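K.L.:
sequence first, then the predicted structure, then my questions.
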Amino acid sequence: MTDLNGKRIAFLATNGYEDSELTSPWEAVTSSGAEAVLISPETGSITGKKGHEATVDLAVADARASDFDGLVLPGGVANGDKLRMDEKAVALTRDFFDQHKPVGVICHGGWILTDADVVRGRTLTSYPSLKTDLRNAGATWVDEEVVVDAGLVSSRTPDDLPAFNAKLVEEISEGKHAEQTV
């Protein structure tokens, strides 16, 4: 088991997240010793599309990438669409890349990456409906269970969570990736 003791991982989500895409990676990083922190444009709590409730730890306006060792972007159509329209969420996401920190993204979570302009020249996967958006933003899109590109871990759907979680924990344990910023 990979040791993430002392690591602090940001999870960026809002109402409408895909429940398992928040809870499963959360469990993976915390069971490896990391502290998980839920960041959102909302305050109080947020609700997943299947009813899971999560308590927000930190408002996106108060979050700084420098306080964390990695970022996880769960999917969910409503979640991904709302986050990509929030300028502070987009800026925070971009800061993780600028600071060369590992980022995990699954399903529709990839939408925010297009608005953060961090996929140009990168290879990643997502839910298939994002393929054109990611390609238009300069990415190479592939249909694979999990893709790792210099600290960026991506997967397609909840079915891919076991592979996604394993690679996410591995990339976080490796630390910063110089190639993270394109």
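P.N.:
Good, I have the coordinates.
K.L.:
mind checking the end-to-end distance for stretch 66-83?
P.N.:
20 Å (Cα to Cα, to the nearest Å).
K.L.:
in the protein, mark out all the strands, start to finish.
P.N.:
For the chain, the strands defined by DSSP state E occupy 8-12, 35-40, 45-47, 53-55, 58-59, 70-73, 103-106, 123-124, 140-141, 146-149, 152-155.
K.L.:
and the longest one, what does it pack against?
P.N.:
If I follow you right, that is strand 35-40. strand 8-12, helix 19-31, strand 58-59 (3 or more Cβ pairs under 8 Å, 6 or more residues apart in numbering; DSSP states H and E). Any C-beta I mention is one placed from the backbone N, CA and C, and that applies to glycine too.
K.L.:
identify whichever of those lies nearest to residue 164.
P.N.:
helix 19-31 (6.9 Å; Cβ to Cβ).
K.L.:
of all the helices and strands packed on strand 35-40, which lies closest to residue 99?
P.N.:
Shortest distance between residue 99 and the helices and strands packed on strand 35-40, using Cβ to Cβ, is found for strand 8-12: 11.7 Å.
K.L.:
export that closest one as CSV, just CAs?
P.N.:
The C-alpha coordinates for strand 8-12 follow below in CSV (Å, rounded to 0.1, in the frame of the first residue of the first chain):
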residue,chain,number,x,y,z
ARG,A,8,-3.3,17.0,1.8
ILE,A,9,-5.6,16.4,-1.2
ALA,A,10,-8.2,18.9,-2.5
PHE,A,11,-11.4,17.6,-3.9
LEU,A,12,-13.2,20.2,-6.0
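K.L.:
which strands and helices sit next to that strand?
P.N.:
By 3+ Cβ pairs under 8 Å, 6+ apart, strand 8-12 packs against helix 19-31, strand 35-40, strand 70-73, helix 87-98.
K.L.:
give me the contacts around the last one.
P.N.:
In this case it means helix 87-98. 10, 12, 39, 41, 60-61, 63-66, 68, 70-71, 73, 83-84, 103, 112-113, 115-118, 180-182 (Cβ atoms under 8 Å, 6 or more residues apart in numbering).
K.L.:
let's see 6 Å
P.N.:
60-61, 63, 65, 71, 83, 103, 112, 115-116, 118, 180-181 (Cβ atoms under 6 Å, 6 or more residues apart in numbering).
K.L.:
among the residues you listed, which one sits closest to residue 5?
P.N.:
So of the contacts of helix 87-98, ranked by how close each gets to residue 5 (Cβ to Cβ), first place is residue 71, at 18.8 Å.
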